[in-house]
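>>> The following comprises the amino acid sequence and a computationally predicted model.
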Amino acid sequence: MQEPEDRIAAVVYELGEMIHRRLGPGLYESVYRDILAFELRKRGYKVALEVPVPLIWEDLRFDRTYAADIVAEDLVVVEVKAVAEQHPIHKAQALTHTRLLNKRLGLVVNFGLLLFKTGFQRAANGMPE
């Protein structure tokens, strides 16, 4: 049986590919983020934008140091990018946000590349890559 996170990841991929096909690269990250969130909501998914990623170090707490671009169904962290090069730090950032939010799956969705599939990555925290 497919995990709920995997089903959400498949929908995010399909929607991202559709958005990329229609708009292409070159727009602001926030445009892609908002359209992706809109399309997910249209399909009945619960979506939160700019979700604070708290960081706790012993007795020190940083409540709003970082924000995850999208959290879908309170299960999957989606980091939206619109950059011309994919860097390993993008996946590392998604994984860090995923861990700090105590989720099992993060995704990098980079709309800035010529081929959408090369900008889509899974960042698993306790799930298969």
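Now that the structure is in, tell me what you want to look at. Residues are numbered from 1 along each chain as shown.
>>> Partner strands of the lowest-mean-pLDDT helix or strand in the chain and their direction?
Comparing every helix and strand of the chain by mean pLDDT, DSSP states H and E singles out strand 60-72 as the least confident one, with a mean of 88. Strand pairing for strand 60-72, determined by DSSP bridges: strand 47-57 (antiparallel), strand 76-81 (antiparallel).
>>> buried ones in the longest one?
Within strand 47-57, the residues that count as buried by 16 or more other CB atoms under 10 Å are 47, 49, 51, 53. Yep, even glycine has a C-beta here, placed from its N, CA and C like the rest.
>>> out of those, which one sits closest to residue 29?
residue 49 (12.0 Å; CB to CB).
>>> Now residue 77: closest residue in space, sequence neighbours ignored.
residue 106 (4.1 Å; CB to CB, 6 or more residues apart in numbering).
>>> Next, count neighbours for residue 12.
22 (other CB atoms under 10 Å).
>>> list the contacts for it?
By CB atoms under 8 Å, 6 or more residues apart in numbering, residue 12 lies in contact with 36, 40, 72, 76, 78, 107, 109.
>>> circling back to that earlier point, any chance of the buried residues of strand 47-57 in JSON lines, plus distance to residue 60 and pLDDT?
Compiled in JSON lines, the buried residues of strand 47-57 are given as follows (distance: CB to CB, whole Å; pLDDT from 0 to 100):
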{"residue": "47", "distance to residue 60": "31", "pLDDT": "98"}
{"residue": "49", "distance to residue 60": "27", "pLDDT": "98"}
{"residue": "51", "distance to residue 60": "21", "pLDDT": "95"}
{"residue": "53", "distance to residue 60": "15", "pLDDT": "91"}
